[in-house]
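# Using only what follows, build the 3D model:
(4 chains)
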Protein chains: 4
Amino acid sequence: MPVRERLRAALETPRFQHLITAIIVINAVTLGLETSATAVERYGTALTVVDHLALYIFVAELGVKIYAQGRYFFRNPWNLFDAAIVAVSLLPTAGGLSVLRALRILRALRLISVVPSLRRVVTALLAAVPGMTSIVLLLGLVLYVAAVMGTKLYHETAPEYFGDLPTSLFTLFQMMTGDAWSDIAREVMSRHPWAWVFFVVFMLVCTFVVLNLFIAVVVSAMEEENAEGPAQATEKLGAALLAE
Amino acid sequence: MPVRERLRAALETPRFQHLITAIIVINAVTLGLETSATAVERYGTALTVVDHLALYIFVAELGVKIYAQGRYFFRNPWNLFDAAIVAVSLLPTAGGLSVLRALRILRALRLISVVPSLRRVVTALLAAVPGMTSIVLLLGLVLYVAAVMGTKLYHETAPEYFGDLPTSLFTLFQMMTGDAWSDIAREVMSRHPWAWVFFVVFMLVCTFVVLNLFIAVVVSAMEEENAEGPAQATEKLGAALLAE
Amino acid sequence: MPVRERLRAALETPRFQHLITAIIVINAVTLGLETSATAVERYGTALTVVDHLALYIFVAELGVKIYAQGRYFFRNPWNLFDAAIVAVSLLPTAGGLSVLRALRILRALRLISVVPSLRRVVTALLAAVPGMTSIVLLLGLVLYVAAVMGTKLYHETAPEYFGDLPTSLFTLFQMMTGDAWSDIAREVMSRHPWAWVFFVVFMLVCTFVVLNLFIAVVVSAMEEENAEGPAQATEKLGAALLAE
Amino acid sequence: MPVRERLRAALETPRFQHLITAIIVINAVTLGLETSATAVERYGTALTVVDHLALYIFVAELGVKIYAQGRYFFRNPWNLFDAAIVAVSLLPTAGGLSVLRALRILRALRLISVVPSLRRVVTALLAAVPGMTSIVLLLGLVLYVAAVMGTKLYHETAPEYFGDLPTSLFTLFQMMTGDAWSDIAREVMSRHPWAWVFFVVFMLVCTFVVLNLFIAVVVSAMEEENAEGPAQATEKLGAALLAE
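Predicted coordinates for the structure are as follows:
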């Protein structure tokens, strides 16, 4: 058996998978501990060492995988997911880019690609996305139209909510989730008594569209259930490709 | 082939559809930019020119469509939808009628009638409406009865929430969406210790009726799914009528 | 045909049904107008006259129905519903019993028993109730246990939320609807750092039970759909009994 | 018939079950009354006596059950549930451990194991749990990753919301329930204008995952419905084991 074959087999042994899973969990815990000032003070060096070690192991794992699987590596979206997460961690974090440092915790999401049950759930979630695009587009259109109208009408009355287009978009997204929409509406209505038309129509349209988005997902989930799980079929296909 | 036939064919070429879609999107963007003071300062004239051009094109498109399709034009509800939106834009906006100016963004909703996938989604949404009328009527009745009771009982205690019938209706609509209902209830209860009966009963009845509204929509959506999509059938019928 | 038979037939003519429906709507409108001080000032006498007239007509209608249907009158729950509503309106409203005056608007709910589509919807809603009793009982038990615990633990820290058992019950009902629960939790947690356990467990248990309540209703609604509508069957049975 | 047999039969007579149910209800009421200062002042001794009596009866019932059922006692999870609840009540409550005193009301939950309809509902609820573990794990992972990121990025800007990891976890749990999330987002955004990315992505991911959690439960509930109720089957099996 050539080296690549043997490596590929080694990468798929349960033992290796469990090792990687353990490293991800340990790394997630150390990254969590780094948020505590007292933990950093006491074990700062140890935490950094573990963090770097974990990163080296992830890079080495990726390298071996690319060597072992060759061009098939890039056909598996989960490999790309892993590579992207590791790439983010390798970016230079100098110069106060605290955001990049904070993104390191995304490595914990590698659990999704390593633990089969999580992987299945996420695959199933993503399978629901295509059936939703039209309704999400419609929702985006409604949001955009309402934001332009809201900005034009109320940017002087309530600048903190409708001052410019991005602010209006955030405000209307908030109203769509139903959070504290009446406070905003009442504030605007104190100056524009007819503003309730805008807000009530927006709430009704959004609720109705979101409700139907929801139904679309339920209905497609049930059809999928009947159609013997296409997600598993895809995984089998991928395994078949690799096995050739 | 007579002129009308040729025009009708031209109107339905994908090229023409894409052109109209592009103009709608460009117009939506310029209307969005008009909400920004700095954008208006720099490109004000250009934005107005694009806006007028787009409107002229829409009017011309409508005129050609009416000429080409004749009386069939008015049988297609989407045409009426387009005509209404263009008509709103043609209304005189002089005299500080900022609302009419703000309504121009509704033109972006023409995307719904032009993009087939959005059109299908909205048709499906509207198909769910007839099955809901009875429950919506019931909800309206509950809202009206509760608003009259609330106004009678609490208009002195909490005039900002139950001062008159329209205010009460808005307040109860807000409570129905679950937003900040306890603040209002607690304020009223500080004077009327038994007001919790009114509020808890209202919340329970509304939740129960809305829940059933929701179920009615889900159930009818599933039946529709099984019944081979009546919406498409309607569209086919319309196409058949036009093709005669 | 004897008088009773003829009366019974007259009561069921569409013309008579429409007349009663119109009177209920008019009465609902006048009761709504009574909430407006200016309307009362101008048309006060007219409103009172219409209100009394409507009440007389309802009483007369009930009397005739009882005479015409005899003991079958009391077998139809909708008749009892109508009778109860009219009885509330006949109670003396002297002595500042503003609540009883406010309850007169309940007469508008007679629309439910008169308009067939509303009647069907409410019958369907009520048909879902028996399948929910166990879960509602469970929810009540959870609420009671949580209220006793909350009162014992936090009645000193947050007397406005957990001062005594009824106050705790209201607070926990509010948290169950998800409204402003975090404000209450944060206030209590400022004194009891471990209070998050109580609140998070309560929120999770309630969400889970309510979710299952919801599912129970959906599942039973779908079974009912398949089982040829027992509600209509009941109505037919009632009609058959009356026709004997 | 030997003593154990006779005892076992006696324990399962409806009369005995009703007696225990009555004692649980009475005990729940007295524990509720203990939250009222005036009730304690007037009937304090009576309440304590009833409370102790109920506890003695529960202990005796458990003892008899263990003697009668032998090792089968520990195979029934409901027996363990009852034993745990009684054990909590037997812990010493001296030394200001008000929490343990408050936990005594958990005894009211014994109603679940005694009333068959409640028992069935809870069994059905628990049957839905295994199908949810993967999604709950995913949700926990998302929450953990977001909490670490939130703490790293915003612990200086909003220490009351993102001061340390546990605080962030509570804040994000709150946002997941949709309660007052915009207040927190707006406060953070006043210092970090790009924070909306974090909050909007978190809200969308959570809503989407929770929605799918919901759907998983609905779908599995419907399958279960078709599969002749495995919960009852389990109970039957348990009864069969005891009857051998």
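# who's in contact with residue A:173?
A:143, D:200 (CB atoms under 8 Å, 6 or more residues apart in numbering or on different chains). In short, each C-beta sits where N, CA and C put it, glycine included.
# Test for you: state the pLDDT assigned to it.
pLDDT for residue A:173: 94.
# what's the helix or strand for it?
helix A:165-176 (DSSP states H and E).
# What residues of that helix count as buried?
A:165, A:167-176 (16 or more other CB atoms under 10 Å in any protein chain shown).
# next one: stretch A:154-164
Neighbour-count burial for stretch A:154-164 [16+ other CB under 10 Å]: A:154-155, A:158, A:161-163.
# Around residue A:89, count how many other residues there are.
Residues near residue A:89, counting by other CB atoms under 10 Å in any protein chain shown, number 20.
# sorry, that was for residue A:216
18.
# Would you confirm that it contacts residue A:131?
Yes - contact status for residue A:216 versus residue A:131: in contact at 5.8 Å, counting by CB atoms under 8 Å.
# if I look at the closest residue to residue A:143 other than its chain neighbours, how far off is residue A:203?
Leaving aside its chain neighbours, residue A:143 sits nearest to residue A:172 (5.6 Å; criterion: CB to CB, 6 or more residues apart in numbering or on different chains). For residue A:172, the distance to residue A:203 equals 10 Å [CB to CB, to the nearest Å].
# for the residue nearest in space to the middle of chain A, what are its contacts?
Centrality entry for chain A: nearest residue to the mean C-alpha point is residue A:109, 9.1 Å, by CA atoms, centre = their mean. Residues in contact with residue A:109 (CB under 8 Å, 6+ apart) are A:85, D:141, D:145.
# any idea of the pLDDT on it?
For residue A:109, the pLDDT comes out at 92.
# which parts of the next helix or strand after the helix holding residue A:173 are buried?
Downstream of helix A:165-176, the first helix or strand assigned by DSSP H and E is helix A:181-189. Buried positions in helix A:181-189, judged by neighbour count with 16+ other CB under 10 Å: A:181-186, A:188-189.
# burial count for residue A:193?
Neighbours of residue A:193 (other CB under 10 Å): 10.
# Switch the buried residues of helix A:181-189 over to TSV; also include pLDDT and distance to residue B:53.
Listed next are the buried residues of helix A:181-189 as TSV, based on pLDDT from 0 to 100; distance: CB to CB, whole Å:
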residue	pLDDT	distance to residue B:53
A:181	92	37
A:182	92	41
A:183	91	41
A:184	93	35
A:185	93	36
A:186	93	40
A:188	93	33
A:189	92	37
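# Tell me the one of these nearest residue C:9?
Residue C:9 lies nearest to residue A:182 out of the buried residues of helix A:181-189, by CB to CB, at 51.3 Å.
# The strand or helix carrying residue A:28 and chain D in contact?
Per DSSP H and E: residue A:28 is located in helix A:14-33. Yes - residues of helix A:14-33 contacting chain D under CB under 8 Å from any CB of the partner chain: A:28, A:31-32.
# What residues of that helix count as buried?
Buried residues in helix A:14-33 (16+ other CB under 10 Å): A:20, A:23-24, A:27-28, A:30-33.
# after it comes which helix or strand?
helix A:37-69.
# tell me the angle of that next one relative to helix A:14-33?
150 degrees (axes from the mean of the first three to the mean of the last three CA atoms, to 10 degrees).
# Who are the packing partners of helix A:37-69?
helix A:3-11, helix A:14-33, helix A:77-90 (3 or more CB pairs under 8 Å, 6 or more residues apart in numbering or on different chains; DSSP states H and E).
# Which of those sits closest to chain B?
Nearest of the helices and strands packed on helix A:37-69 to chain B, taken as CB to the nearest CB: helix A:77-90 at 24.6 Å.
# Following the chain past that closest one, name the next helix or strand.
helix A:98-103.
# buried stuff in that following helix?
Buried, per 16+ other CB under 10 Å, within helix A:98-103: A:101-103.
# go on, stretch A:68-84?
Using 16+ other CB under 10 Å as the test for burial, stretch A:68-84 gives A:68-69, A:72-73, A:76, A:78-79, A:82-83.
# pLDDT of it, averaged?
pLDDT averaged over stretch A:68-84 gives 88.
# thinking again about what came up before, so which of the buried residues of stretch A:154-164 sit within strands?
With strands taken from DSSP state E, there is no overlap with the buried residues of stretch A:154-164.
# where does chain A come near chain D, residue by residue?
Neighbours of chain D within chain A, by CB under 8 Å from any CB: A:28, A:31-32, A:34-36, A:98-99, A:101-103, A:105-106, A:108-109, A:111-112, A:115, A:117-118, A:120-122, A:124-125, A:128, A:170, A:173-174, A:177-180, A:214, A:217-218, A:221-222, A:225.
# where are the low-confidence patches of chain A?
A:1, A:93-98, A:219-244 (pLDDT under 70).
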